[in-house]
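In: using only what follows, build the 3D model:
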Amino acid sequence: MTAMARAAAARPADTPPPLPLLPKRRGIELALLVGAVLISVCGYLVVGLARGHALPGGAVRYGAGLAGLALLAHLAVRFRAPYADPLLLPTAVLLNGIGLVLIFRLDLDTPGDHAAPTQLMWSTVGVGLFIAVVVMLRDHRVLQRYAYVCAALALVLMAAPILFPAINGAKIWIRIAGFSIQPGEFAKVLITVFFAAYLAANRSALAHTGRRMGRLRLPTGRVLGPIVAIWLISVAVLVLERDLGTSLLFFGIFVVLLYVATGRTGWIAVGLVLAGVGAAAVGTLEPHVHSRVEDWQHPFAGIAAGRGPGQLAQSLFAFAAGGMLGTGLGQGHSYLIGFAMKSDFILATFGEELGLAGLTALFLLYALLVARGYRAALGLRDPFGSLLAVGLAALPALQVFVIAGGVTGLIPLTGMAMPFLAQGGSSVVTNWIIVALLLRISDRARTPRPDGGGSGGAVGSRSGVVGSRSGAGAGAPAGSSSGSPARSLVAQDGGSDAGFGARSWVVGFLKPTRAQTPGAGAEARAQPQERPPDGPPPASADDAASPEAGR
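Out: Below is the predicted model of the structure:
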């Protein structure tokens, strides 16, 4: 009798076999990292050949530096987050490598301003912080304890640039002794942590309490107060710092998380109305923002007036010149855009030299990064982790939309940086922190449970989790909130509907088919009388941890 047969004979007849363990897939990650580094190095060589008809002298140093950073990041993930998503790190390395190639290419048109070495240095700092987060943060739920600390620190960072002079019309930088940072980049991660913690603790009240107005249920003033406060803060940032992009990003993240937490589409309509009213008022009254709106409405007004094309017009000309396949790396005329060609308008360089095909591939890379973040959210049971993963994944999604829409004339131009691509130390460091947090969350989602019964990071049976259908805390009555974010229901790592509201689009549309967790459904069926009348239904195959979560 074989060992497998003996094990089967020793197991009771009514005990289902254990679910197979998820593969770690670190080898796949390493192979993809090699491909990402090779693509970046090939782009560097192509730029040198196109401009100087010879291999660039720093190709070896550039390739070795990027490969070393990728290897260090991979080793940190391999030993400290072995079940993390294998696609997140290679996607980030490839985007960062493409950004370094584009900045090196633009340095050739600005001999007095070489930004590629500085960007590589900031990338090194970002990877260092990435490794620190992966190694030191063992459980993402620890962040929930410091939700209000994160909120206070984010407000300080957002307000700090007001005390410094404006740069290019916007007060979003802190510049001291030639050294500058953009604190809003770090504030967006902190404010996302606070949003996720607050909504995880109050999502039941937001979804099921308050007065009904048509199809929209307005929550009580105690719960609605922070929502109005966030709107007022976003408008205040827009007025005081003249920064349309940061205001839209903060408010957009809150609306996305509010919708995911409650599953109420009415909140999207309310968010759009509030954002539109604030943007229209400030765009009319604030001169700097008003000039951006005027340029957006009439991008070719400078040509008609004899002043020549402005930056937005030059950007549109660059996209038109790129056509389907582009002019080739190093063979465009992006220097005509002016001083912002390495930051705000770097996407125009990419579109001109790699064409629509290259832009499509680039947007697919961003879409892959966002989709894997959402996938990590689906594999979790605690509401805070699920909301945090959605918020962190939505950050680059909103940034790409706002920046791409600005340089193509879809929406008024903002001063935000394209994630990983544009010049900016604060931006690249923050994006590496976001990827590290997503990797940590995905590792939690895919790690097998202590009893060997699958993945998902949950501890204990789901049958003991009671509360409202929207995921109220264990033992909490329906419609109640759990108080402060630090005391929310994710303390026990239980929850319902993968941490989202019962009507959330993540549950209804993207929720994967889940396998039965051994013992969980049986226990729930054996004790139906313990469930309150308004509690969630007994655990079923759809409630168990998914062996495919985070694949």
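
In: what's Ala160 in contact with, if anything?
Out: Ile174, Pro183 (CB atoms under 8 Å, 6 or more residues apart in numbering). Quick note: C-beta positions are derived from backbone N, CA and C, even for glycine.

In: determine the three-state secondary structure at it.
Out: helix (DSSP: H, G, I helix; E, B strand; the rest coil).

In: any figure for the gap between it and Phe104?
Out: Ala160 is 32 Å from Phe104, where distance means CB to CB, to the nearest Å.

In: show me where pLDDT drops low in the stretch 1-150 of the chain?
Out: Scanning the stretch 1-150 of the chain for pLDDT under 70 picks out the ranges 1-21.

In: can you pull out the helices in it?
Out: 3-10, 26-52, 59-80, 88-107, 116-136, 147-159 (DSSP state H, counting those that start in this stretch).

In: report the buried residues of the second one.
Out: Within helix 26-52, the residues scored as buried using 16 or more other CB atoms under 10 Å are 26, 29-30, 32-33, 36-37, 40-41, 43-48, 50.

In: same question for stretch 52-59.
Out: In stretch 52-59, residues buried by neighbour count (16+ other CB under 10 Å) are Pro56.

In: who touches it?
Out: Here stretch 52-59 has contacts from Val41, Tyr44, Leu45, Val47, Gly48, Leu49, Phe104, using CB under 8 Å, 6+ apart.

In: can I get these in TSV with distance to Arg307?
Out: Shown next, in TSV, are the contacts of stretch 52-59 (distance: CB to CB, whole Å):
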residue	distance to Arg307
Val41	42
Tyr44	37
Leu45	39
Val47	32
Gly48	36
Leu49	37
Phe104	32
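
In: contacting residues for Phe317?
Out: Contact analysis of Phe317 by CB under 8 Å, 6+ apart lists Pro309, Leu336.

In: could you dump whichever helix or strand it is part of to CSV, C-alpha only?
Out: According to DSSP states H and E, Phe317 maps onto helix 311-322. Extracted in CSV, the C-alpha atoms of helix 311-322 (Å, rounded to 0.1, in the frame of the first residue of the first chain):
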residue,chain,number,x,y,z
GLN,A,311,2.7,73.0,-25.0
LEU,A,312,-0.7,71.3,-25.5
ALA,A,313,-0.6,72.0,-29.2
GLN,A,314,2.9,70.6,-29.5
SER,A,315,1.8,67.5,-27.6
LEU,A,316,-1.1,67.0,-30.0
PHE,A,317,1.3,67.4,-33.0
ALA,A,318,3.6,64.8,-31.4
PHE,A,319,0.9,62.2,-31.2
ALA,A,320,-0.2,63.0,-34.7
ALA,A,321,3.4,62.6,-36.0
GLY,A,322,3.8,59.2,-34.3
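
In: buried ones in that helix?
Out: Applying 16+ other CB under 10 Å to helix 311-322 flags Gln311, Leu312, Ala313, Gln314, Ser315, Leu316, Phe317, Ala318, Phe319, Ala321, Gly322 as buried.

In: one more: stretch 81-94?
Out: 81, 83-94.

In: let's have those in JSON lines, adding distance to Gly276.
Out: Converted to JSON lines, the buried residues of stretch 81-94 look like this (distance: CB to CB, whole Å):
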{"residue": "Ala81", "distance to Gly276": "41"}
{"residue": "Tyr83", "distance to Gly276": "43"}
{"residue": "Ala84", "distance to Gly276": "39"}
{"residue": "Asp85", "distance to Gly276": "36"}
{"residue": "Pro86", "distance to Gly276": "40"}
{"residue": "Leu87", "distance to Gly276": "36"}
{"residue": "Leu88", "distance to Gly276": "34"}
{"residue": "Leu89", "distance to Gly276": "38"}
{"residue": "Pro90", "distance to Gly276": "38"}
{"residue": "Thr91", "distance to Gly276": "33"}
{"residue": "Ala92", "distance to Gly276": "33"}
{"residue": "Val93", "distance to Gly276": "38"}
{"residue": "Leu94", "distance to Gly276": "36"}
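
In: what does stretch 354-365 contact?
Out: 91, 94-95, 98, 322-327, 329, 347, 350-351, 400, 404, 421.

In: how far does it sit from its chain's centre?
Out: Offset of stretch 354-365 from its chain centre (CA atoms, centre = their mean, to the nearest Å): 20 Å.

In: same deal with stretch 94-105?
Out: 20 Å.

In: spatially nearest residue to Ile131, not counting backbone neighbours?
Out: The shortest distance from Ile131 to any residue other than its chain neighbours is 4.4 Å, reached at Ala76 (CB to CB, 6 or more residues apart in numbering).

In: my guess is that neighbour contacts Val135. True?
Out: Yes: in this structure, Ala76 is within contact of Val135 by CB atoms under 8 Å, at 5.9 Å.

In: and these two? which has more neighbours close in?
Out: The neighbour comparison of Ala76 against Val135 (other CB atoms under 10 Å) goes to Ala76, with 20 against 15.

In: wait, what's in contact with that one?
Out: Counting by CB under 8 Å, 6+ apart, Ala76 has contacts Phe130, Ile131, Val134, Val135.
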